[in-house]
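In: only geometry, no sequence info:
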């Protein structure tokens with residue numbers, strides 16, 4: 001995390017622009033990301049472009065292949081299943097820890113934070129935010145649930161998945177039905193408190209099936 005008030009490097013700034021273009025669909029899956037073209041378009045050096053693309057690749061928003069260079073990640077069926085497997089492991093373990101410590105009566109310090117994230121998602125999904133805000137608020141809610149367990153390593157892994165979770169949601173296009181997205185996650189937060197990891201498995205399995213079956 002950058003110190004407050006600091007400015008992003010040229011590479012970080014370019015990565016932010018490209019990240020937004022991937023998530024909002026301006027750069028479609030499989031689109032080539034060529035250093036020379038991007039350097040000319042954004043007025044930066046090829047070294048800056050290379051560093052930015054490395055950031056996107058680390059977030060799995062871009063992928064490299066021999067003789068093909070760098071392209072926007074396609075998030076194919078195998079990648080979807082792998083991502084959901086990892087999310088399921090991390091999120092269900094976080095919920096297990098919360099239930100183990102608190103039963104069904106989670107402390108206000110936890111429920112208030114989750115309620116705040118749900119409220120943000122509600123506002124962005126109601127039209128007060130753009131498409132990227134919906135994707136970000138959705139990912140942030142899931143991350144907040146993991147962070148509430150207080151496990152440094154689980155929180156670290158969850159944070160590293162943020163961009164890919166947003167890409168998954170962009171592919172799923174849940175934001176097209178914002179009211180359904182909010183209702184689904186309100187029920188999810190109730191479910192994990194009452195039913196523990198089983199609710200995590202059901203929630204992630206449902207979104208995985210919705211994406212794969214819709215292709």
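Out: That came through fine. Being a predicted model, the structure only gives us computed values, none of them experimental.
In: got the contact list for residue 32?
Out: 68-71 (CB atoms under 8 Å, 6 or more residues apart in numbering). All C-beta atoms are positioned from the backbone trio N, CA, C, and that covers glycine.
In: please determine how far it is located from residue 43.
Out: Distance of residue 32 to residue 43, given as CB to CB, to the nearest Å: 20 Å.
In: what pLDDT does the closest residue to residue 179 other than its chain neighbours get?
Out: Spatially, and ignoring its direct neighbours in sequence, residue 179 is nearest to residue 125 (7.2 Å; CB to CB, 6 or more residues apart in numbering). According to the prediction, residue 125 has pLDDT 88.
In: check for me that residue 125 belongs to a helix.
Out: Yes: counting by DSSP: H, G, I helix; E, B strand; the rest coil, one finds residue 125 located in a helix.
In: that one - how many residues pack around it?
Out: 23 (other CB atoms under 10 Å).
In: centroid residue for this structure?
Out: residue 165 (2.7 Å; CA atoms, centre = their mean).
In: so that residue sits against residue 140, correct?
Out: No: between residue 165 and residue 140 there is no contact under CB atoms under 8 Å: 9.5 Å.
In: what's the domain layout of this structure?
Out: The chain breaks down by automatic domain parsing into domains covering 10-72, 77-213.
In: all the strands of this protein, in order from the start?
Out: Using DSSP state E, the strands of the chain run over residues 62-65, 69-72.
In: contacts made by the first one with the rest, please.
Out: So that's strand 62-65. With contact meaning CB under 8 Å, 6+ apart, strand 62-65 is reached by 18, 22, 33, 53, 56-57, 70-74.
In: quick check: the residue nearest to residue 179 vs residue 180, distance?
Out: Distance from residue 125 to residue 180, by CB to CB: 9 Å.
In: and for residue 135?
Out: From residue 135 across to residue 180, the span is 15 Å (CB to CB).
In: now residue 14
Out: 35 Å.
In: please apply the same query to residue 148.
Out: In this structure, residue 148 lies at 24 Å from residue 180, with CB to CB as the measure.
In: higher neighbour count, these two?
Out: residue 148 (21 against 12).
In: could you double-check that the more buried one lies in contact with residue 99?
Out: No: because the distance of 11.4 Å does not satisfy CB under 8 Å, residue 148 is recorded as not touching residue 99.
In: quick revisit: just the closest of the contacts of strand 62-65 to residue 87, please.
Out: Minimum distance to residue 87 across the contacts of strand 62-65 is 16.2 Å, recorded for residue 73 (CB to CB).
In: how about the nearest residue to the closest one, chain neighbours excluded?
Out: Nearest residue to residue 73, sequence neighbours excluded (CB to CB, 6+ apart): residue 63, at 5.0 Å.
In: number of nearby residues for the one you found?
Out: Neighbour count for residue 63, taken as other CB under 10 Å: 19.
In: who's it bridged to?
Out: residue 71 (DSSP bridges).
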